[in-house]
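Engineer: 3D, please:
(chains A and B)
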Amino acid sequence: MPIKRVHIENFKSFSAIDVELSRFSVVIGSNAAGKSNFISVFRFLHDIARHGVVNAIAMQGGADYLRNATIGNERDLVVQVTYEPDNAEEILDRTGTGGSVLEVRSCESSYEFALHFNANGDGFSIVRDQLLIGCEISSCKKDSPRKGKNTVIGRGSIRVSSEKGDVQYAVDIPEGCALAENDIIPLFFRGKKLPERTLLLETFYGNPLPHFEKFFDRIAIYDIDPKLPKKGAVITGKRELDENAGNLALVVKNILEDPEKKRKFSNLLRDVLPFVDDFSVRKFMDVSLILTMRERYAKSRDLPASSLSDGTIAIFAMIIALYFEEKPFIIIEEPVSHIHPFLIARLMRMMKEASQKKQVMITTHSTEVVKHAALDDILLISRDSEGFSIISRPGDREEVRTFLANEIGIEELYVQNLLGL
Amino acid sequence: MKKRLYILVEGEDDVRFFGRIIKPLVTSRYDSVELLPYASIRRAKVNNFIRGMAEMKNDYIFVADIDTERSVRDKKQLLYHWYSNISGGNIVIVIMEIESWYYAGLPDEALQKFGLPSLPSTDKLTKEDFNALIPPAFDSRIDFMFEILKSFSPATAARHNQSFKFFFDRYHLEDPADHPAILS
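Structural biologist: As a prediction, this is how the structure comes out:
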């Protein structure tokens, strides 16, 4: 379910921006331009879905650090996310006449909320909170839905909104479709009230709806710290990779237990690091796990994680994040800060490949990353004359394209600070 | 006195192929064998690399896909135009793309294992054709390409791809399966 567009207002260093996202985005910009603030939008959405909006605001440091310091409480904080659901088709009605069933296909949908903060403190009210699901309804043969030729009846939408906590539904059914609103939104969903200061995103009123379930709370924002796995991982822990990769040994142990996963991981690892002969995880004092690796050069000796390079550890973690974590959208902050330039092209190919299955965003200062990125994948964050962060696509700029056509490398334009022309 | 061999290749799929298959076959002849992916380097700089290699009297092989050119001769003409320092004798043209060399080297047992069709010739196999053949069990193209190289047979590849055979014969390469000493 890729996020296609993000609109934010009065959020950290942003006044108001609209950003189109592709499946793979490389976010660049000078120091203090606003890269981390942009990533914070996704962190905020993730935290709301997982911990609730009150906690999510606190986790950002409170209202003062969430809204823009210049704008303050003059304007609402707005976040709108437009996404394209995976091509999931659902049978809506099997009782259709004439040997046909109704099928619904999810189309571009959006979720939006606006918060109004009090002048002082973290007090706020929810001024807008709505989910709009677009869908296309078709009629198809009962015996072979999804295979036969469908007749498109039309496009409709389901709007779920919360007005001061009252959950309301509005269903737009295309003309000619033999469905009633109650067929789509059962009665037991109606007349419900959300607790105070609660967004749809954090409640089950949004979750039963197609494709809204389990997305935002599964966004992962990795900031890999190669020093942590060197200390080992506690034997008890969750199976998914921590965002700082601290539990790397535990996750690798789980991969090793599945021969097919081990084969795949080993291939991908050796594609980047050809000198790797084998890797394993050892139990230490029955309480912790240590990652070990054997190099081709020294076949008789396993190196413990503490002796591995930061880059090697980071590559272990990145391959897991890209290929083995069941996440719909991952962000990796500064993924190549420990990586030799020669290997960056390989990692970029992996990121691009992985982005076919999950949306991938990275932030970087690396010229080598910029050099190997497709121009259309680059998002440049900079500050405008008033100090607000703005986001642009260098690929849309004619000057940039002209330089590139004249054999000036994109990395040179980046170093010379000319990408924002 | 031995010297170095530089193999200039287009991108990372070529680096993987030449690094795992070709480099071990020629390593004993040189002090070192270095791979240089040139697709992301500007042409003027690539030209300077070639000049430097020639000045140091090192060997180099310049590998390029035929792409949309009609013949090897046409592709070479294009390369002469882009790289004034290049020597025609050092150019190897891959027909069609490196993927056709990967597939060409799959022995029958590997084809069976992956459930892939046996192609008498991969001379016309494009990247897109190759991608369409990736078995559904592989959700990573990189993983699949790496898996191919584990069972890659140069002698089989020479039978299934004319441009690989040309390269194999021209550099007097020997299949390690026929000469186990190469593997040691």
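
Engineer: show me where the stretch 51-200 of chain A has strands.
Structural biologist: Counting by DSSP state E, counting those that start in this stretch, one finds strands in the stretch 51-200 of chain A at the ranges A:77-83, A:89-93, A:100-106, A:109-117, A:124-141, A:151-163, A:166-172.

Engineer: Can you pull up the residues of chain B that come close to chain A?
Structural biologist: Taking C-beta under 8 Å from any C-beta of the partner chain, the part of chain B that reaches chain A is made up of B:11-12, B:15-16, B:19-20, B:37, B:40, B:42-44, B:139-143, B:146-147. Backbone N, C-alpha and C define where each C-beta goes, glycine included.

Engineer: Which residues are in contact with B:Phe62?
Structural biologist: The neighbourhood of B:Phe62, defined by C-beta atoms under 8 Å, 6 or more residues apart in numbering or on different chains, consists of B:8, B:50, B:79, B:83, B:86, B:90-92.

Engineer: what are the bridge partners for it, then?
Structural biologist: B:Leu8, B:Ile91 (DSSP bridges).

Engineer: mind checking how far it is from chain A?
Structural biologist: Taking C-beta to the nearest C-beta, to the nearest Å as the measure, B:Phe62 and chain A are separated by 19 Å.

Engineer: per-residue confidence at that residue?
Structural biologist: pLDDT for B:Phe62: 97.

Engineer: Now for chain A, the helix or strand with the poorest mean pLDDT.
Structural biologist: Within chain A, judged by mean pLDDT, DSSP states H and E, the helix or strand with the poorest mean is strand A:89-93; its value is a mean of 65.

Engineer: which ones are touching whatever residue of chain B ends up closest to chain A?
Structural biologist: Among all residues of chain B, B:Phe146 sits closest to chain A, at 4.0 Å; criterion: C-beta to the nearest C-beta. Residues near B:Phe146 by C-beta under 8 Å, 6+ apart: A:267-268, A:270-271, B:16.

Engineer: does it sit in a helix or strand, and which one?
Structural biologist: Counting by DSSP states H and E, the element that carries B:Phe146 is helix B:141-150.

Engineer: Buried residues in that helix, which are they?
Structural biologist: When burial is assessed from 16 or more other C-beta atoms under 10 Å in any protein chain shown, helix B:141-150 yields the following buried residues: B:141-149.

Engineer: now the nearest residue to A:Met351 once chain neighbours are set aside, what's its secondary structure?
Structural biologist: Nearest in space to A:Met351, with sequence neighbours left out and distances taken as C-beta to C-beta, 6 or more residues apart in numbering or on different chains, is A:Val360 at 5.4 Å. Using DSSP: H, G, I helix; E, B strand; the rest coil as the criterion, the local structure at A:Val360 reads strand.

Engineer: If A:Val360 is in a bridge, with which residues?
Structural biologist: Once the bridges are assigned, which here means DSSP bridges, A:Val360 pairs with A:Phe24, A:Ile330.

Engineer: Just confirm it contacts A:Phe24, I think it does.
Structural biologist: Yes - with contact defined as C-beta atoms under 8 Å, A:Val360 and A:Phe24 form a contacting pair (5.1 Å).

Engineer: more neighbours, these two?
Structural biologist: Set side by side, A:Val360 and A:Phe24 show unequal neighbour counts under other C-beta atoms under 10 Å in any protein chain shown, the larger going to A:Val360 at 26 against 22.
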